[in-house]
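Participant: Okay, predicted coordinates and the sequence, questions at the end:
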Amino acid sequence: MSFLNDLTTADYVLAICVSSFAYTVLLFIYRIWLSPVAHIPGSPWPKITFSYEFYHEWMKPGQYYRKIHEMHEKYGKNHVLTIQCL
């Protein structure tokens with residue numbers, strides 16, 4: 001337990017950063033290859049993050065429904081963005 005006394009604030013910050021990065025990478029891997037809905041065709045960016053939806057709803061106000069329509073035409077009706085699961 002003495003090694004815990006030797007740790008500095010920088011060590012804790014580094015540990016938090018490394019843990020956050022590892023979690024993010026593992027989450028991306030899960031969402032792209034291991035998720036139950038990973039077999040559904042579509043762009044990988046909307047599969048791994050909600051920033052795609054945020055961009056089309058807030059940066060280009062109200063354009064997300066058009067983007068979904070484009071993706072339905074390109075990938076079919078079973079696009080990953082239309083499936084809501086937890």
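Facilitator: Here it is on my side, so go on.
Participant: C-alpha only now, for contacts and for neighbours.
Facilitator: Will do.
Participant: Out of the helices and strands in the protein, which is least certain?
Facilitator: helix 2-5 (a mean of 72; mean pLDDT, DSSP states H and E).
Participant: which residues sit against the helix or strand just after it?
Facilitator: Sequence-wise, the next helix or strand downstream of helix 2-5 (DSSP states H and E) is helix 9-29. With contact meaning Cα atoms under 8 Å, 6 or more residues apart in numbering, helix 9-29 is reached by residue 48.
Participant: Packing partners of whichever helix or strand comes after helix 9-29?
Facilitator: Note on helix 9-29: by DSSP H and E, the next helix or strand toward the C-terminus is helix 44-48. The contact analysis (3 or more Cα pairs under 8 Å, 6 or more residues apart in numbering; DSSP states H and E) places helix 44-48 against helix 51-54.
Participant: Can you give me the buried ones in the helix it packs on?
Facilitator: Buried residues in helix 51-54, counted by 16 or more other Cα atoms under 10 Å: residue 53.
Participant: quick one: average confidence on the next helix or strand after that helix?
Facilitator: Following helix 51-54 in sequence order, the next helix or strand is helix 64-75 (DSSP H and E). Mean per-residue pLDDT for helix 64-75: 82.
Participant: so how far is the least confident helix or strand of the chain from its chain's centroid?
Facilitator: Here the centre of helix 2-5 is set off from its chain's centre by 36 Å, with Cα atoms, centre = their mean, to the nearest Å.
Participant: Also stretch 9-21?
Facilitator: 21 Å.
Participant: avg pLDDT for it?
Facilitator: Across stretch 9-21, pLDDT averages out at 95.
Participant: same question, stretch 39-54
Facilitator: For stretch 39-54, the mean per-residue pLDDT is 82.
Participant: Buried residues, that stretch. List them.
Facilitator: Residues 40-42, 47-48, 53 are the ones in stretch 39-54 that count as buried (16+ other Cα under 10 Å).
Participant: Right, I'll leave it there.
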